[in-house]
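**Student:** mind looking at a prediction? Sequence and model below.
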Amino acid sequence: MKFATQETGFWLIHQGQKIYFPNNNLAFGSAIELEAVSKRIIQIGEWENAPLYLLEESQEEREWTGLRDLLHLPKEKFNLLNRGVELNHFFKTHQFCGKCGHQTQIAPDEWAVQCQNSACHYRTYPVICPSIIVAVRKEAEILLASHQRHIRRDGSAGLYTVLAGFVEVGETFEQTVEREVFEETGIKIKNIRYFGSQPWAFPNSQMVGFLADYDSGEIRLQEEEIVDAQWFRFDQPLPQHPADGTIAAALIKATLEICQKEAN
Ligand SMILES: [Zn+2]
């Protein structure tokens, strides 16, 4: 942990997933200027060649910007904001040792908390929950689903997106991909290929993206989770779908490109 009083740098001032982003950038200055001297400050990386400090404000009212509204930033910057929000969530939820119950402190040399009981000294590392996200293609069509959490006030389906779900203990990513697609839509898939990943501080996931092809089956919805799922043709307008900057949007784009290539 690094305490900063005189140093200047950029400040990731946040309240949970709300970030202080005045004039389209993080605040710049010293801890004194930012009235942050007595608070717990850690450096979490570099932002525009200056140190980047993390500071949570639980009380102050500011003009906050939602983390999701910063998805247009370059990936490296967005991921640093993710890091700050995730680390803070980790520190706040690990103030006591899971082994002996004593208080912990942030470790000085790595992202971890350390038990302050000298007979224990157990270290706990940030909890990152892997979750798969997959775009399924069937010839010229992509499978998109609308989730219960995106339902509109009138009960109709809202946002449509690719399928996703958490990895269970003992599963490979590929097994999770097959299981989630089958559970949510009744579709069997093949040719599962790794696509890319995205840290996702909502609150502490790592989205692991895959492309896959349809193998067999008819759509059968898992109604507790899914409101609707359909095959959408690449050359027809898509329903409302995720914003650019998300791995979901990148997966949809990549799949539509494959559809188009196959069609030519
Ligand atoms: Zn302990």
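**Tutor:** Here it is on my side, so go on.

**Student:** give me the distance from the host helix or strand of residue 253 to the chain's centre.
**Tutor:** Using DSSP states H and E, residue 253 maps to helix 247-263. Its chain's average C-alpha position is 21 Å from that of helix 247-263, according to C-alpha atoms, centre = their mean, to the nearest Å.

**Student:** look up how far residue 66 lies from the most centrally placed residue in the chain.
**Tutor:** The residue lying closest to the centre of the chain (C-alpha atoms, centre = their mean) is residue 200, at 1.0 Å. In this view, residue 200 and residue 66 are 14 Å apart by C-beta to C-beta, to the nearest Å. Where C-beta positions appear, they are placed from N, C-alpha and C, glycine not excepted.

**Student:** who touches the residue nearest to the centre of the chain in this structure?
**Tutor:** 82, 131, 206, 207 (C-beta atoms under 8 Å, 6 or more residues apart in numbering).

**Student:** before we move on, what about residue 9?
**Tutor:** With C-beta under 8 Å, 6+ apart, residue 9 has these contacts: 28, 43, 47, 50, 51, 52, 53.

**Student:** helix, strand, or coil at the fifth one?
**Tutor:** To tie it back to what came earlier, the one meant is residue 51. Following DSSP: H, G, I helix; E, B strand; the rest coil, residue 51 is assigned to strand.

**Student:** pick the one among the contacts of residue 9 closest to the ion.
**Tutor:** The ion has its nearest neighbour among those in residue 43, at 25.9 Å by C-beta to the ion.

**Student:** let me know the pLDDT of the closest one.
**Tutor:** Residue 43 carries a pLDDT value of 90.

**Student:** helix or strand: which one has it?
**Tutor:** Counting by DSSP H and E, residue 43 is part of strand 42-47.

**Student:** tell me which residues of that strand come out buried.
**Tutor:** 42, 44, 45, 47 (16 or more other C-beta atoms under 10 Å).
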